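>>> what would the 3D arrangement of this be:
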Amino acid sequence: MNENKIVIGIFENELYAIIAKNNLREAGINASILKQFGGIFLPFLKQVDGVPLMVSSRQEEKAKKILETKFI
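I've put the predicted structure just below:
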């Protein structure tokens, strides 16, 4: 079953993205960091400055609440 992934946040650097990912993991949310795009065409991201963090679209609301609490 394919899960729809969405970008939940774009972080200034990889360290901040890792911290956010770990905070989400502690809450039971699986997140993934998009590192280098390697020439892959990702039209939904357009021009991205920073490190995108992705989660399942089913966990979007919970993830947003956690990130708002941790990264105000």
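>>> which residues does the residue nearest the centre of the chain bridge with?
Relative to the mean C-alpha position of the chain, the nearest C-alpha, by C-alpha atoms, centre = their mean, is the one of Leu53, at 1.7 Å. Beta bridges link Leu53 to Gly9, Ile33, judged by DSSP bridges.
>>> residues in contact with it?
Going by C-beta atoms under 8 Å, 6 or more residues apart in numbering, Leu53 touches 7-11, 17, 20-21, 24, 31-34. Where C-beta positions appear, they are placed from N, C-alpha and C, glycine not excepted.
>>> could you pull out the strands for this structure?
5-11, 31-33, 51-56 (DSSP state E).
>>> pick the most buried one from those strands.
Mean neighbour count, computed with mean count of other C-beta atoms under 10 Å, is highest for strand 51-56 among the strands of the chain, reaching a mean of 20.
>>> ok, Asp49 - contacts?
Asp49 touches Ile10, counting by C-beta under 8 Å, 6+ apart.
>>> cool, and Gly9?
Going by C-beta under 8 Å, 6+ apart, Gly9 touches Ala17, Ala20, Pro52, Leu53, Leu67, Phe71.
>>> turn the residues you listed into TSV, including pLDDT and distance to Gln59.
Shown next, in TSV, are those (pLDDT from 0 to 100; distance: C-beta to C-beta, whole Å):
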residue	pLDDT	distance to Gln59
Ala17	94	17
Ala20	96	13
Pro52	93	16
Leu53	95	12
Leu67	92	11
Phe71	65	17
